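structure for this input, please:
(one chain, ligands or ions: 1)
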Amino acid sequence: MPRPNRFRDMIRIGPVQVGSYYDGRGRDRHTAACTAPKCGFSADYRNRAAAELAARTHQCTA
Ligand SMILES: [Zn+2]
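Predicted structure coming up:
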């Protein structure tokens, strides 16, 4: 994944991992990414709660 390797506070909710990182331009970003190989879901959020909510409600297609 073309992402900066500075994730912190990684957690896993079901198949989805949530991590936060600093984008280098003064903002915290939060990513939710499904680890199921055939799913491919990943998204960035402005706040941690949104990322965790997305992880919790993710309907995995894999
Ligand atoms: Zn999935």
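
contacts, neighbours, all on C-alpha from now
Will do.

burial count for the residue of the chain found nearest the ion?
For the chain, the residue closest to the ion is Cys60, as judged by Cα to the ion, at 3.5 Å. Cys60 has 16 neighbours, counted by other Cα atoms under 10 Å.

tell me the contacts of it?
For Cys60, the contact set (Cα atoms under 8 Å, 6 or more residues apart in numbering) comprises Cys34, Ala36, Cys39.

without its sequence neighbours, what residue ends up closest to the most centrally placed residue in the chain?
Closest residue to the average C-alpha location of the chain: Ala32 at 1.7 Å, with Cα atoms, centre = their mean. Nearest non-adjacent residue to Ala32, counting by Cα to Cα, 6 or more residues apart in numbering: Val18, 4.5 Å away.

what residues does that neighbour make contact with?
By Cα under 8 Å, 6+ apart, the neighbours of Val18 are Asp9, Met10, Ile11, Arg12, His30, Thr31, Ala32, Ala33, Ala51, Glu52, Ala55.

confidence score at the second one?
Spelled out, it's Met10. pLDDT, Met10: 96.

how much space between it and Thr61?
Applying Cα to Cα, to the nearest Å, the value for Met10 to Thr61 is 22 Å.

and if you look at Arg48?
Taking Cα to Cα, one finds Arg48 at 23 Å from Thr61.

using the three-state scheme, assign Ala50.
Here Ala50 is helix, with the state taken from DSSP: H, G, I helix; E, B strand; the rest coil.

and if you look at Asp44?
Under the three-state scheme (three-state DSSP), Asp44 adopts strand.

how about it, what does it touch?
Arg29, His30, Thr31, Ala32, Ala51.

which two from those residues end up farthest apart in space?
Arg29 and Ala32 (10.2 Å; Cα to Cα).

between the two, what contacts are shared?
With Cα under 8 Å, 6+ apart applied, the overlap between the contact sets of Arg29 and Ala32 consists of Asp44, Tyr45.

circling back to that earlier point, possible to save the contacts of Val18 as a markdown table with distance to Tyr22 and secondary structure?
Shown next, in a markdown table, are those (distance: Cα to Cα, whole Å; DSSP: H, G, I helix; E, B strand; the rest coil):
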| residue | distance to Tyr22 | secondary structure |
| --- | --- | --- |
| Asp9 | 12 | strand |
| Met10 | 13 | strand |
| Ile11 | 16 | strand |
| Arg12 | 19 | strand |
| His30 | 9 | strand |
| Thr31 | 11 | strand |
| Ala32 | 15 | strand |
| Ala33 | 17 | strand |
| Ala51 | 15 | helix |
| Glu52 | 17 | helix |
| Ala55 | 20 | helix |
